[in-house]
Structures are given as C-alpha cells and as structure tokens.
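# Return atomic coordinates for the entry below.
(2 chains)
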Amino acid sequence: MNEWEVAAAVLGAALIGCGALAALTTVATALVALELGGTIATTILMVLSEGLQRQPFIDLALVLAVLSVLGGMVIARLLEEDL
Amino acid sequence: MSHVAATVLLAAGCALEVIAVLGAVAMRDALDRLHYVGLASYGALLCGVAILVRQSFSVIGDKALLVGVLFAVLGPALVHVTARALRTRAHGDWREDIAAHREDRQP
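Modelled structure (predicted):
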C-alpha cells in the first residue's frame, strides 16, 4: 500500500462523515455536505489515479469536478424556491 | 526530492480536507458549515499539485492540476450561490434586513 492509497483511505473515512452529516441533519446542511463530499470524492479519484496508475480515474475525477460544482449550484437554486 | 515534495503536498491536501469535514461536523448551522467547503477546495488543489510534482506534465498530471484549479476557481462561486440560496430560503429575499443593518451602523 503506497502513500496515495493511504491518502485515499483517509479521504474515504472523511467522506463517511459527509454522508452522516447529510443523512442526520437538515436539508440546508445536507446540501453543504453534498458539496463537501463532491470535492472529497473528486480528490479520492485523483489520488487513486496516481496510486494505481490508472489513467481513466483522472478522467472520472475531471467529469465529477465539473458536475459536482454545477449540480451543487442547481440544487441550491432549487432549494431557494423550496421545490 | 520530488518524491518528498509530492508526499508533503499530498499530506497537506488530505489534512485540509479532513479538517474541513471535522469543521463542518462541529459547526452549528448550515451557513457556518459552508465556510469549510472553500477550505476543502484548496485541499483538492494541493493534492492536484502533488500529483503534478510527482508525474510532471503528463496526462494525469495535467488533468489533476486542472481539477485542482477548477475547484479553487469555482469553489468560491459555489459557496456564494449556496449562501445566497440558503438566505433566500430562510428570509424570502437575500436583501432582507441588510438595509436596516446598514442604517443601524451609521452614526
């Protein structure tokens, strides 16, 4: 197990914290946890790409980075109108 | 040397993200927790730079840097949009109480 895989495991534990926050609190806090989780999940994919030398993971990370930011903005907009 | 630098950058990036999650869990309400989304963005940037230092300008290194820069640039915009949406949801209009607050502060 190299340092990149250790970092991915640590970030995976942090992602569980985001999931718990989203599941156990209010809708507004769940949105914040979703945005935080998107950033962490993207970082996990980046780190795994380097650790396992798997190039497709970095493409997944790039797509997830764009979609998590745009998705967060769309969900925030929907929450604003209380849909 | 680049191996050590990459490891230090990776550890710093992971530490920032773990601190961001701990901070988000510890805070009281959504607007307080929102501050830590920006912190996690810089953690992603540090991890991207760590991969770039390790790989140099390869396919993985370039894209990792792009992901980090994307988060660093778009992260504040995401936080702003979310804060505005949460304030509108709570008060009906994000400008609510701001004018009264300004009048109170004027001598």
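
# just checking, what packs against the longest helix anywhere in chain B?
What stands out as the longest helix in chain B, according to DSSP state H, is helix B:59-91. In terms of contacts (3 or more CB pairs under 8 Å, 6 or more residues apart in numbering or on different chains; DSSP states H and E), helix B:59-91 is packed against helix A:27-52, helix A:55-80, helix B:30-55. Where C-beta positions appear, they are placed from N, C-alpha and C, glycine not excepted.

# Could I get those in TSV, plus columns for mean pLDDT and mean neighbour count?
Written out in TSV, the entries for the helices and strands packed on helix B:59-91 read as follows (pLDDT from 0 to 100; neighbours: other CB atoms under 10 Å in any protein chain shown):
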stretch	mean pLDDT	mean neighbour count
helix A:27-52	94	25
helix A:55-80	93	18
helix B:30-55	93	23
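
# follow-up on the earlier one: ok, then the element right after the longest helix of chain B?
Read in the C-terminal direction, the helix or strand following helix B:59-91 is helix B:98-105, with elements assigned using DSSP states H and E.

# Which of the three states applies to B:A15?
Per DSSP: H, G, I helix; E, B strand; the rest coil, the secondary structure class of B:A15 is helix.

# show me the contacts for it.
Taking CB atoms under 8 Å, 6 or more residues apart in numbering or on different chains as the contact definition, B:A15 lies against B:G43.

# Check chain B and tell me which residue is nearest its centre.
Residue closest to the average C-alpha location in chain B (CA atoms, centre = their mean): B:G38, at 1.6 Å.

# that older thread, quick one, which of the helices and strands packed on helix B:59-91 gets closest to B:K63.
helix A:55-80 (4.5 Å; CB to CB).

# still on that earlier bit, buried set for the longest helix of chain B?
Neighbour-count burial for helix B:59-91, with 16 or more other CB atoms under 10 Å in any protein chain shown as criterion, is recorded at B:60-68, B:70-72, B:74-75, B:78-79, B:81-83, B:85-89.

# burial count for residue 12?
Picking chain A for this. As a burial measure, A:G12 scores 13 neighbours (other CB atoms under 10 Å in any protein chain shown).

# To clarify, I was referring to chain B.
Every residue meeting other CB under 10 Å relative to B:A12 is counted, giving 16.

# next one: A:I16
11.

# tell me the pLDDT at it?
Per-residue pLDDT puts A:I16 at 95.

# Next, it: phi, psi?
When quoted as degrees, to the nearest 10, the phi and psi of A:I16 stand at phi -60, psi -40.

# All set now, cheers.
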